[in-house]
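K.L.:
Here's my sequence, what's the structure:
(one chain, ligands or ions: 1)
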Amino acid sequence: MKKLLATDLDGTLLKDDKTVSINTINTIHEMINEGHHFVVATGRPFFRITKILKQLDIISDKIYCICNNGGLIISTDGTKTLYEEKMPHEHVVELIDLAIEHNLNLLLYKKDHIVTDHLDENVTVFGNEPLLKIIDGGKEALKEYQDVYKIVFNGTYEKLCDAKSKFPSEILEKFNFVFSGYDFLDVNNKTVDKGFAVNHLAEILNIDLNNVYAVGDEENDLGMVKAVKNGCCVANAKPSLKEVSKFITLSNEEDGVANLINKLILKPKILVSACLLGDNCKYSGGNNLNSGLVDFLKDYNIIKICPETFGGLPIPRVPSEIVGDKVLSKDGLDVTKEYILGAKVSLELAKKHHVNCAILKQRSPSCGVGKIYDGAFNGTVIDGYGVTATLLKNNNVDLYTEENYLEILKKKS
Ligand code: SF4
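P.N.:
Predicted structure coming up:
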């Protein structure tokens, strides 16, 4: 079941310092490797996201991004344009006149650069923008520019809000006005919308609209979050987004998008005793293959563990049992250290993969869940947990065995 996740950049995927964590990048790649579609959906023009796309390592003719608030759908390598909508020139002229009337600064977004006549002193993000062209001749001179994808009014939030409240109703009906940050009021054609673009891309990619997700933080993400079946937002989102979101993930500073991918997009991860999957790692050199379990696990991402071999014990090996607070082999050797090491390695794997559920081999001195052998090596079973099972349980991993794994489904429902 292929899924599509569209994510806004600023304030959502990007941290406040405009970086993306390694954890988030790795999680995005896990998602892509599982066959899902990861889509950057931003108000920015394509040429202002290429550095980020490179950092994410998603430059490809098969991975797409949505730019200009939905006015452009293009492959991340820039070679395939799936959808493009420019602003009619008479609309550009109308908006320049509006800016002159309300004394607003404005930026014209072209395909490969931005044009303005004046940069407001409050706007700092464009300070070092090499693709910003500042022209002479005032705002009237901007009217010469054709092929504009969107217009951005910029200034203080208060000034922009005040001006917007005075715009004539026919102007408000004719264009989409959305804040993409406190200093930026984006203006697009009414037909340009991130939500439309995301659903349109999903249709092109043949993805069931029920499997489309979008996440954002700002007002210019509201249309997208409302339009898709599974609208989400980060914890730092505007209240208007939180109101309409079906899922609120962690903040942009806490890898919110990675958390969302792990919770909603990827197959659930589960820790499983390797011998149950057919690995010949049990003490005898054989396995405990459980075909029903293998079939059940096809909808999961499996993290295999064999704590005894993680602890350095060989295959085959003398069987061991828990005796008091030690683990002893049948020939009397103390292997407690190896069992503890195997448990620690298993817990590290659980933490690394954000796993909170395990299916472990019942009765084993490592993996046993609720039942173990009594330490007399005569087949008597008593209540108790294996060394690894105990450590996982103490770290809030839900434990199941080959005997009761179907109960996971009951918990899910
Ligand atoms: Fe199976 Fe666990 Fe024993 Fe490894 S340690 S053989 S996974 S029961």
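K.L.:
mind listing what Cys367 touches?
P.N.:
With contact taken as Cβ atoms under 8 Å, 6 or more residues apart in numbering, Cys367 is in contact with Ser273, Pro307, Leu360, Lys361, Gly386, Thr388, Ala389. Glycine gets a C-beta too; all of them are placed from N, C-alpha and C.
K.L.:
and the first one, how many neighbours?
P.N.:
The number of residues packed around Ser273, counting by other Cβ atoms under 10 Å, is 33.
K.L.:
do the helix ranked longest in the chain and the ligand meet at all?
P.N.:
Ranked by residue count and defined by DSSP state H, the top helix of the chain is helix 336-352. No - judged by Cβ under 6 Å from any ligand atom, helix 336-352 and the ligand are separated, with a smallest distance of 6.9 Å.
K.L.:
Can you dump the C-alpha atoms of the next helix or strand after that helix in PDB for me?
P.N.:
Using DSSP states H and E, the next helix or strand after helix 336-352 towards the C-terminus is strand 357-360. C-alpha atoms of strand 357-360 as PDB (Å, rounded to 0.1, in the frame of the first residue of the first chain):
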ATOM      1  CA  CYS A 357       6.800  -4.200  20.700                       C
ATOM      2  CA  ALA A 358       8.600  -7.600  20.600                       C
ATOM      3  CA  ILE A 359       7.700 -11.200  19.800                       C
ATOM      4  CA  LEU A 360      10.100 -13.500  21.700                       C
END
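K.L.:
on contacts alone, who are the packing partners of strand 357-360?
P.N.:
Here strand 357-360 touches strand 269-273, helix 387-394, strand 398-401, going by 3 or more Cβ pairs under 8 Å, 6 or more residues apart in numbering; DSSP states H and E.
K.L.:
what sits up against it?
P.N.:
Strand 357-360 is contacted by residues 268-273, 276, 293, 297, 305, 350, 367-369, 386, 388-389, 392, 397-402, 405, 408 when judged by Cβ under 8 Å, 6+ apart.
K.L.:
cool, stretch 197-205 as well?
P.N.:
Against stretch 197-205 from outside (Cβ under 8 Å, 6+ apart): 2, 4, 6, 37, 39, 41, 64, 66, 70-71, 73, 82-83, 208-209, 211-212, 214, 224, 227-228.
K.L.:
For it, give the mean pLDDT please.
P.N.:
In this model, stretch 197-205 carries a mean pLDDT of 96.
K.L.:
Then stretch 106-125?
P.N.:
The model assigns stretch 106-125 a mean pLDDT of 81.
K.L.:
circling back: give me the ChimeraX select line for the contacts of strand 357-360, limited to the buried ones.
P.N.:
Of the contacts of strand 357-360, the buried ones go into a single ChimeraX selection, burial set by 16 or more other Cβ atoms under 10 Å:
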select :269,270,271,272,273,276,293,297,305,350,367,368,369,386,388,389,392,397,399,400,401,402,405,408
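K.L.:
Residue numbers of the chain in contact with the ligand?
P.N.:
Residues of the chain found near the ligand (Cβ under 6 Å from any ligand atom) are Ser273, Ala274, Cys275, Cys281, Lys282, Cys306, Pro307, Glu308, Lys361, Ser364, Ser366, Cys367.
K.L.:
Please dump the residues you listed into TSV; it should also carry pLDDT, secondary structure and distance to Glu94 for every row.
P.N.:
Shown next, in TSV, are the residues of the chain next to the ligand (pLDDT from 0 to 100; DSSP: H, G, I helix; E, B strand; the rest coil; distance: Cβ to Cβ, whole Å):
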residue	pLDDT	secondary structure	distance to Glu94
Ser273	98	strand	68
Ala274	98	helix	67
Cys275	98	helix	72
Cys281	98	coil	72
Lys282	97	coil	76
Cys306	98	coil	69
Pro307	98	helix	70
Glu308	98	helix	74
Lys361	98	coil	71
Ser364	98	coil	74
Ser366	98	coil	73
Cys367	98	coil	71
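K.L.:
who wins for neighbours among the residues you listed?
P.N.:
Counting by other Cβ under 10 Å, top hit in the residues of the chain next to the ligand: Cys367 with 35 neighbours.
K.L.:
Could you pull up phi and psi at that residue?
P.N.:
phi -100, psi -10 (degrees, to the nearest 10).
K.L.:
Name the nearest residue to it, ignoring sequence neighbours.
P.N.:
Leu360 (3.8 Å; Cβ to Cβ, 6 or more residues apart in numbering).
K.L.:
Can you tell me how far that neighbour is from Ala141?
P.N.:
Separation of Leu360 from Ala141 (Cβ to Cβ, to the nearest Å) stands at 72 Å.
K.L.:
Looking at the two, which is more packed in?
P.N.:
Ranked by neighbour count (other Cβ under 10 Å), Leu360 and Ala141 place Leu360 first, with 29 against 13.
K.L.:
In three-state terms, label Asn220 for me.
P.N.:
What DSSP: H, G, I helix; E, B strand; the rest coil gives for Asn220 is helix.
K.L.:
Could I get the contacting residues of the nearest residue to it once chain neighbours are set aside?
P.N.:
Distances taken as Cβ to Cβ, 6+ apart place Val178 nearest to Asn220, at 3.7 Å, with adjacent residues excluded. For Val178, the contact set (Cβ under 8 Å, 6+ apart) comprises Gly43, Asn69, Leu185, Asp186, Asn188, Glu218, Glu219, Asn220, Leu222, Gly223.
K.L.:
The host helix or strand of Val178 - which strands sit beside it in the sheet, and in what orientation?
P.N.:
Per DSSP H and E: Val178 is located in strand 175-181. According to DSSP bridges, strand 175-181 has the following sheet partners: strand 184-189 (antiparallel).
K.L.:
Any buried residues in the strand holding Val178, and which?
P.N.:
Applying 16+ other Cβ under 10 Å to strand 175-181 flags Phe175, Asn176, Phe177, Val178, Phe179, Ser180, Gly181 as buried.
K.L.:
So what's the gap between that strand and the chain middle?
P.N.:
Centre-to-centre, strand 175-181 and its host chain are 24 Å apart (Cα atoms, centre = their mean, to the nearest Å).
K.L.:
next one: stretch 42-58
P.N.:
Centre to centre, stretch against its chain (Cα atoms, centre = their mean), the figure for stretch 42-58 is 16 Å.
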